[in-house]
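In: structure for the following, please:
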Amino acid sequence: MQDEKIICKDCGQEFIHSVRDQEFYKQQGFDNKPVRCRDCRKKRKDQRNNTNAQQRNNINSEN
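Out: Just a heads-up that it's a prediction; the model follows:
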């Protein structure tokens, strides 16, 4: 195994999928390589969390 260069699906920047990360993915049973860099993964996760929190607040305010 060796480090892999991957182009981020969202921002287009090249990032390294390190051997260490590859081993982690394998241990976790992930079949696919990452398609987003760390920054874009974090942005996407934050957006998802904000959307979920807003939905919970909307449900609570309706009751």
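
In: which residues of the chain score low on pLDDT?
Out: 52-63 (pLDDT under 70).

In: can you pull out the strands in it?
Out: Counting by DSSP state E, one finds strands in the chain at the ranges 4-7, 14-17.

In: neighbours of the spatially closest residue to Cys11 that is not a sequence neighbour, how many?
Out: Distances taken as C-beta to C-beta, 6 or more residues apart in numbering put Cys40 closest to Cys11, at 5.5 Å, once the chain neighbours are dropped. Where you see a C-beta, it was placed from the backbone N, CA and C, and this is true even at glycine. By other C-beta atoms under 10 Å, 18 other residues sit near Cys40.

In: then Cys37?
Out: Neighbours around Cys37, by other C-beta under 10 Å: 21.

In: count of neighbours near the spatially closest residue to Pro34 that is not a sequence neighbour?
Out: Among residues not flanking Pro34 along the chain, His17 sits closest, at 6.0 Å (C-beta to C-beta, 6+ apart). A count of nearby residues for His17, using other C-beta under 10 Å, gives 15.

In: ok, now how distant is His17 from Arg48?
Out: 22 Å (C-beta to C-beta, to the nearest Å).

In: kindly report the same for Cys8.
Out: 17 Å.

In: the more surrounded of these two?
Out: More crowded of Cys8 and Arg48, by other C-beta under 10 Å: Cys8, with 17 against 10.

In: isn't Cys40 right up against Asp10?
Out: Yes. If you go by C-beta atoms under 8 Å, Cys40 and Asp10 touch, sitting 4.2 Å apart.
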